[in-house]
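Undergrad: quick one, what's the 3D model for this:
(chains A and B)
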Amino acid sequence: MPQTGQPTPSRRAVLAATAAGSLALAGCRGIAALGPPPKPGPAVTTLRAAITAEERIIAQYEAALTVFSGREKATGPLKSILAEHHSHLARLRSVLVVPPGLPTSPSPSQSPSAPPAGRREALAGLITAERSAAARLTQQLLHMPSATAQLMASISASEAAHVIVLDTAGTA
Amino acid sequence: MSQGRAVKLAALQAALAAEEAAVYGYGVAGAHMSGGGYARAYADTVAHQRARDALVQMIIALGGQPRASAVAYQLPQAVRSAADARSLAASLELQVAAAYRGLVATPSADLRKLGAIAMQQAAVRATRWSGQTQAFPGLANPG
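TA: Residues are numbered from 1 along each chain as shown, chains lettered A, B, ... in the order given. Sure, this is the predicted structure:
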């Protein structure tokens, strides 16, 4: 199975992001084909928190890249990690199905991160962010639907591994 | 046997099989390494042996029979140099990460946590060997 691309419906945990549940989804045959919508609630809130966390970490990498501009040795690894975070965000968003008429995100305006004071501070901030993101996901996945929990575990593993690359970038 | 217990045992057995394969694979990889690489391969082997022993205990505690390890395992690649050995170690780790994914799908919070942390540790070790990271380690079977 290809690693990227659209997840197949069978592997994909679809969480309907509405308290109105079946009423709001009544006209949507695509969701109906997957069976009755799961109860909205804590899982949707948790997923939204994970999405917001990915948006924040992406903003933090973008801010960090500004202090590394022109230093290819550091920007290369940072950019490839940033690309992985964009993949995380896309996959997390694909799990959250928002019925028409509802806002796609509870926090539509993600304020940009303040630029770090220097390169050392930037790397330290990213390492802290990656570590706490991985730890948060480890807690969040405990009560999520299985497929979403597996996705979150994999993302947490990716984030834990990012720390190794950031550590190396700091000593290079 | 209750369905919940059967699910847990199946996930634990899958993780155990991957740990056994990793211990075997590291034995091959370590033989092609020296210095710091050998030291790290040794440390990682010990980590996998400890994880294997813990899984065996958990399977027994659940009333299961730990699946015996194979005499030899088909390695994902031939190993003729230290570079091959590092690459083998990285792919063994990604297979371990994939094997623990099943524990994260069980209804038990304890097993989910164990699975998630094992996936993180395997991804970290894979990155130490390869220098590379992945967006979704363990999610698509690398083998």
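Undergrad: switch to C-alpha atoms for all contacts and neighbour counts from now on
TA: Will do.
Undergrad: give me the most central residue, chain B.
TA: Note on chain B: the residue nearest the mean C-alpha position is residue B:96, at 2.9 Å, using CA atoms, centre = their mean.
Undergrad: buried stuff in whichever strand or helix holds residue B:11?
TA: Secondary-structure assignment from DSSP states H and E places residue B:11 in helix B:3-30. Applying a neighbour-count criterion of 16 or more other CA atoms under 10 Å in any protein chain shown, the buried positions in helix B:3-30 are B:5, B:7-30.
Undergrad: swap in stretch B:38-57?
TA: Neighbour counts using 16+ other CA under 10 Å place B:38, B:40, B:41, B:42, B:44, B:45, B:48, B:49, B:51, B:52, B:55, B:56 of stretch B:38-57 among the buried residues.
Undergrad: just checking, what packs against the helix or strand encompassing residue A:47?
TA: Following DSSP H and E, the helix or strand that holds residue A:47 is helix A:42-67. With contacts taken as 3 or more CA pairs under 8 Å, 6 or more residues apart in numbering or on different chains; DSSP states H and E, helix A:42-67 sits against strand A:15-16, helix A:72-95, helix A:119-140.
Undergrad: helices or strands up against the helix holding residue B:11?
TA: In terms of contacts (3+ CA pairs under 8 Å, 6+ apart), helix B:3-30 is packed against helix B:35-61, helix B:82-104.
Undergrad: in CSV, list those along with distance to residue A:86 and mean pLDDT.
TA: Below are those laid out as CSV (distance: least, CA to CA, whole Å; pLDDT from 0 to 100):
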stretch, distance to residue A:86, mean pLDDT
helix B:35-61, 31, 97
helix B:82-104, 21, 97
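Undergrad: run a quick neighbour tally on the closest residue to chain B within chain A.
TA: For chain A, the residue positioned closest to chain B under CA to the nearest CA is residue A:157, at a distance of 3.8 Å. One way to gauge burial is a neighbour count; for residue A:157, by other CA atoms under 10 Å in any protein chain shown, it gives 31.
Undergrad: tell me which element it falls in.
TA: With DSSP H and E as the criterion, the answer for residue A:157 is helix A:146-171.
Undergrad: could you check the angle that helix makes with helix B:82-104?
TA: Relative orientation of helix A:146-171 with respect to helix B:82-104: 140 degrees, computed using axes from the mean of the first three to the mean of the last three CA atoms, to 10 degrees.
Undergrad: in helix A:146-171, what counts as buried?
TA: Going through helix A:146-171 with 16+ other CA under 10 Å, the ones that come out buried are A:146-166, A:169.
Undergrad: likewise stretch B:74-86?
TA: By neighbour count on 16+ other CA under 10 Å, the buried set for stretch B:74-86 is B:75, B:79, B:82, B:84, B:85, B:86.
Undergrad: out of the residues you listed, who's nearest chain A?
TA: residue B:86 (16.0 Å).
Undergrad: could you look up the SS state of residue 117?
TA: In the absence of a named chain, chain A is used. Secondary structure, DSSP: H, G, I helix; E, B strand; the rest coil: residue A:117 is coil.
Undergrad: give me phi/psi at it?
TA: In terms of degrees, to the nearest 10, the main-chain angles of residue A:117 are phi -60, psi -40.
Undergrad: looking at the helices and strands packed on helix A:42-67, which is buried most?
TA: Among the helices and strands packed on helix A:42-67, ranked by average contacts under mean count of other CA atoms under 10 Å in any protein chain shown, first place goes to strand A:15-16 (a mean of 23).
Undergrad: thought residue B:64 was touching residue B:9?
TA: Yes: assessed by CA atoms under 8 Å, residue B:64 is found in contact with residue B:9 at 6.8 Å.
Undergrad: what about whatever residue of chain B ends up closest to chain A, distance to residue A:131?
TA: Here chain B gets closest to chain A at one residue, residue B:120, 3.8 Å apart by CA to the nearest CA. Per CA to CA, to the nearest Å, residue B:120 is found 11 Å from residue A:131.
Undergrad: so what sits against both of those two?
TA: Taking CA atoms under 8 Å, 6 or more residues apart in numbering or on different chains as the contact criterion, the common neighbours of residue B:120 and residue A:131 are residue A:160.
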